[in-house]
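Novice: sequence and predicted model, in that order:
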Amino acid sequence: MKIILLRYFYFILGIIINSFGIAFITKSDLGTSQISSVPYVLSLEFSDYTFGMTTFIFNILFIIIQVIILRRDFHPIQFLQVFANILFSFFIDVSMNWLSFFQPESFIIKLISLIIGCMILALGICIEVAPNVIVVPGEGVVRALALAIAIKKPKVKFGTIKIYFDITLIILACILSFIFFGELNGVGIGTIISALVVGKFINFINQHFKFLRHIRALTRLK
């Protein structure tokens with residue numbers, strides 16, 4: 001029981017770090033991360049809803065899609081994604097409030113803050129994934145789509161589905177931005193950069209941060 005609790009502790013810690021990373025990326029004012037692009041654009045248009053609220057609603061949609069696609073293969077424990085979604089969305093708003101003072105003006109400072117945010121997000125993802133408990137809604141929906149597509153096209157890789165999924169989100173966010181504002185708002189070069197570099201930071205952290213091995217080792221203990 002102690003080991004299970006410790007694994008979920010690291011999972012929750014990773015979620016909290018993720019939320020701060022996304023907030024840091026967003027505050028760079030170069031565009032938010034690709035997974036948060038649609039909720040952020042919606043939060044800019046519908047000001048009664050915070051970034052965290054629109055993120056929660058969007059992730060609930062991801063969970064519903066998983067249930068529809070997987071049906072009986074959607075394991076009941078994955079309903080804990082709802083709890084993870086609540087934490088993630090809540091801490092996005094907390095992080096945005098913490099960083100309310102941060103308003104970078106020059107492009108260099110914005111770019112530096114964007115890279116720092118990407119590094120924080122990558123660290124959070126590594127810690128979240130290491131204990132191997134449940135998936136977050138964004139990853140879960142990609143896995144569900146990958147399983148559905150694999151029935152007809154077994155050679156298509158998960159990474160390929162993930163790339164197309166992220167591109168779809170960015171395109172949808174751009175379309176909504178033009179519909180709402182007549183220009184790009186909330187989506188920008190930072191969205192593209194985060195899509196390109198977060199994965200590389202994840203690989204670096206997994207390779208050089210030894211404490212992640214100790215977290216992964218918990219999955220082998222009984």
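Specialist: Perfect, thanks for sending it. Numbers count the residues shown, from 1 in each chain.
Novice: going forward, measure contacts between C-alpha atoms and count neighbours the same way
Specialist: Noted.
Novice: quick one, what contacts the spatially most central residue of the chain?
Specialist: For the chain, residue 35 is the residue whose C-alpha lies nearest the centre (CA atoms, centre = their mean; 5.3 Å). Contact partners of residue 35, counting by CA atoms under 8 Å, 6 or more residues apart in numbering, are 138, 166, 169.
Novice: does residue 134 touch residue 83 like I think?
Specialist: No: using CA atoms under 8 Å as the test, residue 134 is too far from residue 83 to be in contact (10.8 Å).
Novice: about what we covered before: okay, the contacts of residue 35 in a markdown table with secondary structure next?
Specialist: Below are these laid out as a markdown table (DSSP: H, G, I helix; E, B strand; the rest coil):
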| residue | secondary structure |
| --- | --- |
| 138 | helix |
| 166 | helix |
| 169 | helix |
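Novice: list the helices and strands whichever strand or helix holds residue 125 packs on?
Specialist: If you go by DSSP states H and E, residue 125 is part of helix 107-129. The elements that helix 107-129 packs onto, with contact taken as 3 or more CA pairs under 8 Å, 6 or more residues apart in numbering; DSSP states H and E, are helix 2-27, helix 189-208, helix 211-217.
Novice: what about 7 Å?
Specialist: Counting contacts by 3 or more CA pairs under 7 Å, 6 or more residues apart in numbering; DSSP states H and E, helix 107-129 packs against helix 2-27, helix 189-208.
Novice: among the ones you listed, show the one with the smallest mean pLDDT.
Specialist: When the helices and strands packed on helix 107-129 are compared by mean pLDDT, helix 189-208 comes last with a mean of 89.
Novice: point out where the protein drops to low pLDDT.
Specialist: 158, 221-222 (pLDDT under 70).
Novice: just give the number of residues close to residue 220.
Specialist: Using other CA atoms under 10 Å, residue 220 is surrounded by 9 other residues.
Novice: and the gap between it and residue 45?
Specialist: According to CA to CA, to the nearest Å, residue 220 stands 47 Å off from residue 45.
Novice: shouldn't residue 51 be in contact with residue 42?
Specialist: No: the pair residue 51 and residue 42 fails to qualify as a contact (CA atoms under 7 Å) at a distance of 8.0 Å.
Novice: does residue 48 count as helix, strand or coil?
Specialist: Residue 48 ends up coil, using three-state DSSP.
Novice: check residue 171 too.
Specialist: helix.
Novice: on that earlier part again, which residues sit against the helix holding residue 125?
Specialist: 10-12, 14-15, 17-18, 21-22, 24-25, 28-30, 104, 190, 194, 198, 201-202, 205-206, 212 (CA atoms under 7 Å, 6 or more residues apart in numbering).
Novice: can you select the buried ones from these in ChimeraX?
Specialist: Filtering the contacts of helix 107-129 down to the buried ones (16 or more other CA atoms under 10 Å) takes a single ChimeraX command:
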select :10,11,12,14,15,17,18,21,22,24,25,28,29,30,190,194,198,201,202,205,206,212
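Novice: please report the distance of residue 176 from residue 140.
Specialist: Per CA to CA, residue 176 is found 24 Å from residue 140.
Novice: cool, residue 120 as well?
Specialist: 21 Å.
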